[in-house]
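> Got a predicted structure plus its sequence, pasted below:
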Amino acid sequence: MSDVRTFKAASMQEALKLVREAMGSDAVILQTKQVPGRRGLLPWTRTREEFEITAGLGIKVRTPAAVQNNRRPTSSPLQHRASNLQPAGARNESVTYAEPPSRELPSEHRSAPIQRTPAPERRAEEDNRPPVHNRLEQRLQDSRPRPSHASQPAYDPTEEFAEKLNAIQEMLESLDRRTRSQRVTDVPPELFHIYTDLIDAEVDETIAHDLVSRLKEHATPEQLKDTQASQSLLAALIEAQLECASPIRPLPGQRKVVALVGPTGVGKTTTIAKLAANFRLRDNIKMGLITVDTYRIAAVEQLRTYAEIIDLPMKVVSTPREMQMALDEMVGLDLVLIDTAGRSPSDDLKIQELESLFRDIAIDEIALVMSMTSSVRTLEAIAERFKVARPTSMILTKLDEAPVMGSLLTLSQKVKLPIQYLTTGQDVPDDIEPANAARISRLVLGEDKLQ
């Protein structure tokens, strides 16, 4: 026995989640569309669109074309009953205020011409009319044009402004509705579960649609029927879209200078400590540390503690001249790591200070450090703001606090910087790893764990 239900949510991802929670992974998507939702807070805003998914259990899947061909216009039983509803005693009467098209009716059913009657008599007639008849006449009276000498309301410029806002909003919603519905209906039915898995992992809808389309194009019918084979091919497609930078590779006798930049609270100092401990203790690299984070005394002391534990020279600077002097003192080292103060993405002046700090010194690599606990949209805005610092790669931190890993793929596509390192916890020096496209692909698909 089939079980068909309808689910509504603010986004396609939320609606799909409701379907999965209520009906499980065997649910068949019968229809997806956008329907009017709740109205906005402002009085002139239009009703927001919601996503509606009709899903069923125990239903044989048919292609969208077959479903369309089987649809036939039907009349609602309610409409049929409503068409037969007329007030008692008024089935053959004609209540009109304009001259209707003439129809040949038997004389006994023709309406008598409308005559003016005194007000008391009209009220008596109205009192004797059935309630439905009275409501119908009242609506007709309300719809009649008012006399031309009636007073007109004063012109309100906000009405014209509201109309323009409504027109703009309607165009944007129409465009978004067309592109979204087109993407969903284009997904092959046999790959729809892969598409929903990608959406659940917070892969961008456009990227998810492109992946399933390419999977359909490259896979054989046998691979599409084999879940493991289709997953392996999908992992290869994701891997091909990821760009990863080589890890830092210092060479003896050739000093390399690497700086870390980024907003506050993303773990730059801890990441510097992890890198320094690995290079010093594991690879026995001759290296030094420079910090520009003079705004946070605790951060400076934290890095100084790490430097003392692993026996590294460390300098604290605050001006371009001091930076140059510190680098001159470390001329005999193989690697110098520079820790910078966190900058708010909205503080253009502070970000410009980074550019001036690096302007006259030779820096080989600049890594933009960002936390995966933020949304992709926020990370896009951060990357755009820090362009003035000329970053060459990304270090993505706090993956252990991120709910899903699909945003790794989305971010890689949206921000055109290669991923260099991933950090997966707070332990120094263990919770950091060089970025690897195959590993990230498996994380996106949930086939790998962080630790």
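Perfect, thanks for sending it. Residues are numbered from 1 along each chain as shown.
> From now on I want contacts and neighbour counts done on CA atoms only, so please keep to that.
Noted.
> Break down the stretch 151-300 of the chain into its strands, ranges please.
Listed in chain order, the strands of the stretch 151-300 of the chain (DSSP state E, counting those that start in this stretch) span 256-261, 287-291.
> Now tabulate these in JSON lines and tack on mean pLDDT.
JSON lines is the format used below for these (pLDDT from 0 to 100):
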{"stretch": "strand 256-261", "mean pLDDT": "96"}
{"stretch": "strand 287-291", "mean pLDDT": "95"}
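> buried sites along the helix or strand harbouring residue 30?
Assigned by DSSP states H and E, residue 30 belongs to strand 28-39. Neighbour counts over strand 28-39 (16 or more other C-alpha atoms under 10 Å) mark 28-30, 32-34 as buried.
> And for stretch 412-431?
For stretch 412-431, the neighbour count (16+ other C-alpha under 10 Å) marks 412-413, 415, 417-426, 428-429, 431 as buried.
> Give me the mean pLDDT for it.
Mean pLDDT, stretch 412-431: 94.
> Same check on stretch 53-67?
According to the model, stretch 53-67 has a mean pLDDT of 65.
> Can you check which of the strands of the stretch 151-300 of the chain gets nearest to residue 382?
strand 256-261 (11.0 Å; C-alpha to C-alpha).
> about what we covered before: as a markdown table, the buried residues of strand 28-39 with pLDDT and distance to residue 228 would be great.
Listed next are these as a markdown table, based on pLDDT from 0 to 100; distance: C-alpha to C-alpha, whole Å:
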| residue | pLDDT | distance to residue 228 |
| --- | --- | --- |
| 28 | 79 | 21 |
| 29 | 80 | 22 |
| 30 | 79 | 26 |
| 32 | 83 | 28 |
| 33 | 80 | 31 |
| 34 | 80 | 33 |
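> hey, which of the strands of the stretch 151-300 of the chain is tucked in deepest?
Comparing those by mean neighbour count (mean count of other C-alpha atoms under 10 Å), strand 287-291 comes out on top with a mean of 24.
> circling back to that earlier point, out of the strands of the stretch 151-300 of the chain, which is closest to residue 403?
strand 256-261 (24.6 Å).
> Give me the sheet partners of that closest one and which way each runs.
strand 335-339 (parallel), strand 365-371 (parallel) (DSSP bridges).
> so which of the strands of the stretch 151-300 of the chain comes closest to residue 52?
That would be strand 256-261 among the strands of the stretch 151-300 of the chain, by C-alpha to C-alpha, at 43.2 Å.
> any idea how far residue 438 lies from residue 12?
Using C-alpha to C-alpha, to the nearest Å, residue 438 is found at 28 Å from residue 12.
> who's more crowded, the two?
residue 12 (23 against 15; other C-alpha atoms under 10 Å).
> For the residue lying closest to residue 364 once chain neighbours are set aside, name its beta-bridge partners.
Leaving aside its sequence neighbours, residue 364 sits nearest to residue 257 (C-alpha to C-alpha, 6 or more residues apart in numbering; 5.4 Å). Under DSSP bridges, the beta-bridge partners of residue 257 are residue 336.
> didn't residue 257 look like it was pressed against residue 331?
No: using C-alpha atoms under 8 Å, residue 257 makes no contact with residue 331, being 10.4 Å away.
> any low-confidence regions in this structure?
1, 37-48, 59-167, 169-186, 293-297, 343-347 (pLDDT under 70).
> per the record, what domains does this structure have?
Structurally, the chain divides into domains by automatic domain parsing as follows: 1-60, 185-241, 256-444.
> now these as TSV including distance to residue 451?
Listed next are those as TSV, based on distance: least, C-alpha to C-alpha, whole Å:
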stretch	distance to residue 451
domain 1-60	27
domain 185-241	19
domain 256-444	8
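> Select, out of those, the one closest to residue 248.
domain 256-444 (8.3 Å).
> need the strands of the stretch 151-300 of the chain in CSV with distance to residue 350, can you?
Converted to CSV, these look like this (distance: least, C-alpha to C-alpha, whole Å):
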stretch, distance to residue 350
strand 256-261, 12
strand 287-291, 16
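> closest to residue 238 out of those?
Comparing the strands of the stretch 151-300 of the chain by C-alpha to C-alpha, strand 256-261 comes nearest, at 27.6 Å.
> what's the angle from the closest one to strand 287-291?
Per axes from the mean of the first three to the mean of the last three C-alpha atoms, to 10 degrees, the angle that strand 256-261 makes with strand 287-291 is 30 degrees.
> What are the contacting residues of strand 256-261?
250, 268, 272, 334-342, 362-369 (C-alpha atoms under 8 Å, 6 or more residues apart in numbering).
> next one: stretch 278-294
Residues outside stretch 278-294 that contact it (C-alpha under 8 Å, 6+ apart) are 250, 276, 299-300, 307, 310, 312-318, 326, 330, 333-342, 429.
> now the end-to-end length of stretch 362-376.
31 Å.
> What lies in contact with it?
256-263, 266-268, 379, 383, 386, 389-399, 401-402, 407, 410-411.
> List buried members of the residues you listed by neighbour count.
Of those, these count as buried by 16+ other C-alpha under 10 Å: 256-263, 266-268, 379, 383, 386, 389, 391-399, 407, 410-411.
> Relative to residue 395, how far out is residue 288?
Applying C-alpha to C-alpha to residue 288 and residue 395 gives a distance of 20 Å.
> What of residue 226?
In terms of C-alpha to C-alpha, residue 226 sits 36 Å off from residue 395.
> what does residue 336 give?
On the measure of C-alpha to C-alpha, residue 336 and residue 395 end up 17 Å apart.
> what about the helices in the stretch 151-300 of the chain?
Using DSSP state H, counting those that start in this stretch, the helices of the stretch 151-300 of the chain run over residues 157-185, 192-200, 205-218, 221-225, 227-241, 268-277, 297-309.
> In three-state terms, label residue 384 for me.
Look at residue 384: counting by DSSP: H, G, I helix; E, B strand; the rest coil, its state is helix.
> element containing residue 17?
For residue 17, the host element (DSSP H and E) is helix 12-23.
> Could I get the buried residue list for that helix?
Buried-residue list, helix 12-23, by 16+ other C-alpha under 10 Å: 12-19, 23.
> List the contacts of it.
Contact with helix 12-23 is made by 7-9, 27, 51-53, 55-57, 196, 199-200, as judged by C-alpha under 8 Å, 6+ apart.
> quick revisit: so which of the strands paired with strand 256-261 has the densest surroundings on average?
strand 335-339 (a mean of 25).
> any idea whether the nearest residue to residue 10 once chain neighbours are set aside is helix, strand or coil?
With sequence-adjacent residues excluded and distances taken as C-alpha to C-alpha, 6+ apart, residue 10 is closest to residue 50, at 4.9 Å. Put simply, residue 50 is strand when judged by three-state DSSP.
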